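Student: Here you go, sequence then predicted model.
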Amino acid sequence: MPAPTKLMADAIRVLSMDAVEQANSGHPGMPMGMADVATVLWTRFLKYDAARPDWADRDRFVLSAGHGSMLLYSLLHLTGVKALTLDSLRNFRQLGSNTPGHPEFGHTPGVETTTGPLGQGLATAVGMAMAERHLAARFGADLVDHRTWVVAGDGCLMEGVSHEAISLAGRLKLSKLTVLWDDNDITIDGHVGLSDATDQLARFKAAGWAVKRIDGHDEGQIRRALAWATKQDRPSLIACKTIIGKGSPTFAGTHDVHGKALGKDEVVKTRDNLGWPHEPFVVPDEALKPWRAAGRRGAKVRKAWEARLAASTLRGDFERAMAGELPKTAFAALDQFIADAEAQAPAAATRQHSGAVLEKIFGEIPELVGGSADLTGSNNTFVKNTPVFDAPSYAGRYVNYGVREFGMAAAMNGMALHGGVIPYGGTFLVFSDYARPAIRLAALMGIRVIHVGTHDSIGLGEDGPTHQPVEHLASLRAMPNLNVFRPADAVETAECWKLALDARGTPSVLALSRQKTAAVRTQPIGENLSARGAYQLAAASLPAQVTIFATGTEVPVALAARELLEAEGIGARVVSVPCFELFEAQPKDYQEALIGESEVRVAVEAGVRMGWDRFIGSDGVFVGMEGFGASAPDKALYKHFGITAEAVAAAAKARLG
């Protein structure tokens, strides 16, 4: 490698080595091995301006191998991102620093997505590339024309989500997506051959990718391969054969350099081996100046883009979309839908109500891009006459994700992170288990992604316990910064959709029924009651001895139980609880007043009890599921498992004595 480029790459190696040594924690091997590839990419190909690392038409750089975070932090510091100082690198992995162990979106400027769980960065990047193509179709290449680059390791390609991601990207011909595979033959346990013998180039090629293998330490090969990638009509994989820990005379090429500090003696030897005489964290001007010049290289391109944006008639819509703001008329038709539902009291499955809501909002919110993991007709996620997102135009707003729940969820994260798109996608609620790691990252990152989970209980019926979620509501509610909505009827479904769309810093799950359910909100209120998380739906006509809390399809059960109790002179009130998380956000006095002081508190939900003691106390009555379901029609199952109005009333009376 030519001397100037080698010096710049060695700056990455030394900074990464020094930061990990200072922290006595981290992964120096990958940054040291991929330093040459990263140097050529960031100095010659990446469309990037260190002064504005968030400008809309920048290239996206995703470090899927997030354990090698010092590669990215070194690049951001060297190119001149102001927030990434030498002190930032010295405080690597320390409390309060902006250089956490794995890159975190929103925590560090220049970090496009949170990575660390292997494979998810690659899958998220697919969504970014999808968003770029869609927005280019909507706003034109003058405003949207950039690439997505991914650095992935062997672990990323072993993870199952990589299969979902690469097959989807290949099918969609996402030509502006390039994966740089750090092909170093090493995992934590040792040589890759201990656990894997996959021909990755053949695998990617079979999925519709263009593939190339290079020496990841040969500048000419790297440069030619990156140029080649920009000319492909499909996504591209460049297998970069590298030496993990390159520069370390003792540990290079071994698993010992993967996930621990080199040690003081080896750091000294590595400096000597690289010909780097400088103290820790010192980068000489002959290396730093060309890096800072590289960081400024994109400024002219950015300013030209800003001029085009300023002159564009689409500027207002573009800036609003990228800012994540909804159109002022977003809910105009939906408000009328709510008024009509209150007057007409339609009885239907809440998944059908959700589909009706989408019909009202889809045309008003052009950023909405929907999809389903091969369950479109069941999820009710498709809006009539919507073009499908596909090559070559990519203007469509509905994605056929195929049976790829995890890949879908990760891609939706990428779309949301890119900006300009509000993604929603559907599957059966039970299959949220497949998507859970991506849902968790969305919650951690604080991004607006909407998951439509239909067939939300034993009420789905004959498909049986493999498809009937019983623990899933409790499991999802346990996740921080995730709103789990389980609406009861058309009005609550519309309200919950509004709340999900307004929650710009929180992902949402809409749990929706397969089976028909009665309307419960039949009086005009003029307020989004679901925004409270829980509210009194029916007051007691006598002094309240019993309070019944319920969600979704069990709210009509609770109302019927109230009627039975009141008919026997027992005052009973019903509280609908569409969203635990929003209830917890209410003032304490509201929470206490709503829960009340009834002698008996009952919760009814066709799921497990976990979480309900917040409302009913540890001595409260729970009517729901204690185990898995069974295969039978929904009404037979509700009777078999005792989730009926009669059972609720009997349980309340038994507790009253």
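Tutor: Perfect, I can see it now. Residues are numbered from 1 along each chain as shown.
Student: Excluding chain neighbours, what is closest to Asp390?
Tutor: Nearest in space to Asp390, with sequence neighbours left out and distances taken as Cβ to Cβ, 6 or more residues apart in numbering, is Gly396 at 6.1 Å. Yep, even glycine has a C-beta here, placed from its N, CA and C like the rest.
Student: Any regions of this structure where pLDDT drops low?
Tutor: Along the chain, segments meeting pLDDT under 70 span 1, 3.
Student: one more time with 80, if that's ok
Tutor: 1-3 (pLDDT under 80).
Student: about what we covered before: please look at the residue nearest to Asp390 and Phe382 and confirm they touch.
Tutor: No. Using Cβ atoms under 8 Å, Gly396 is not in contact with Phe382, being 11.3 Å away.
Student: between the two, which one's more packed in?
Tutor: Neighbours per residue, other Cβ atoms under 10 Å: of Gly396 and Phe382, the larger number sits with Phe382, 19 against 15.
Student: So the more buried one versus Pro28, what's the distance?
Tutor: From Phe382 across to Pro28, the span is 49 Å (Cβ to Cβ, to the nearest Å).
Student: ok, now His640?
Tutor: Counting by Cβ to Cβ, the separation of His640 from Pro28 is 59 Å.
Student: Going along the chain, name the helices of the stretch 501-650 of the chain.
Tutor: Remark: helices assigned in the stretch 501-650 of the chain by DSSP state H, counting those that start in this stretch are 555-567, 580-584, 588-595, 613-616, 634-640, 645-656.
Student: Let me know which of the ones you listed is the nearest to Thr522.
Tutor: Closest approach to Thr522 among these (Cβ to Cβ): helix 555-567, 11.0 Å.
Student: how far off helix 645-656 does that closest one point, in degrees?
Tutor: When axes from the mean of the first three to the mean of the last three Cα atoms, to 10 degrees is applied, the directions of helix 555-567 and helix 645-656 differ by 50 degrees.
Student: For the closest residue to Asp502 other than its chain neighbours, what is the enclosing helix or strand?
Tutor: Of all residues beyond its chain neighbours, the one nearest Asp502 is Leu326 (7.5 Å), with distances taken as Cβ to Cβ, 6+ apart. Under the criterion DSSP states H and E, no helix or strand holds Leu326.
Student: Neighbours of Leu326, how many?
Tutor: Neighbour count of Leu326, defined by other Cβ under 10 Å: 19.
Student: Doesn't Pro437 lie inside a strand?
Tutor: No. With DSSP: H, G, I helix; E, B strand; the rest coil as the criterion, Pro437 is assigned helix and is not in a strand.
Student: looking at it, Phe580 is touching Gly533, isn't it?
Tutor: Yes. Taking Cβ under 8 Å as the definition, Phe580 is a contact partner of Gly533 at 6.5 Å.
Student: ok, the closest residue to Phe428 other than its chain neighbours to His467 distance?
Tutor: Among residues not flanking Phe428 along the chain, His455 sits closest, at 4.5 Å (Cβ to Cβ, 6+ apart). Using Cβ to Cβ, His455 is found at 7 Å from His467.
Student: Helices of the stretch 201-350 of the chain, residue ranges please.
Tutor: Going by DSSP H, counting those that start in this stretch, the stretch 201-350 of the chain shows helices at 219-229, 264-274, 285-296, 299-311, 315-323, 332-344, 350-361.
Student: Ala411 is nearest to which of those?
Tutor: Of those, nearest to Ala411 by Cβ to Cβ is helix 315-323, at 18.3 Å.
Student: Flag every buried residue along that closest one.
Tutor: Asp317, Phe318, Arg320, Ala321, Met322 (16 or more other Cβ atoms under 10 Å).
Student: cool, and stretch 43-56?
Tutor: With burial defined by 16+ other Cβ under 10 Å, the residues of stretch 43-56 counted as buried are Thr43, Phe45, Leu46, Lys47, Tyr48, Asp49, Ala50, Arg52, Pro53, Trp55, Ala56.
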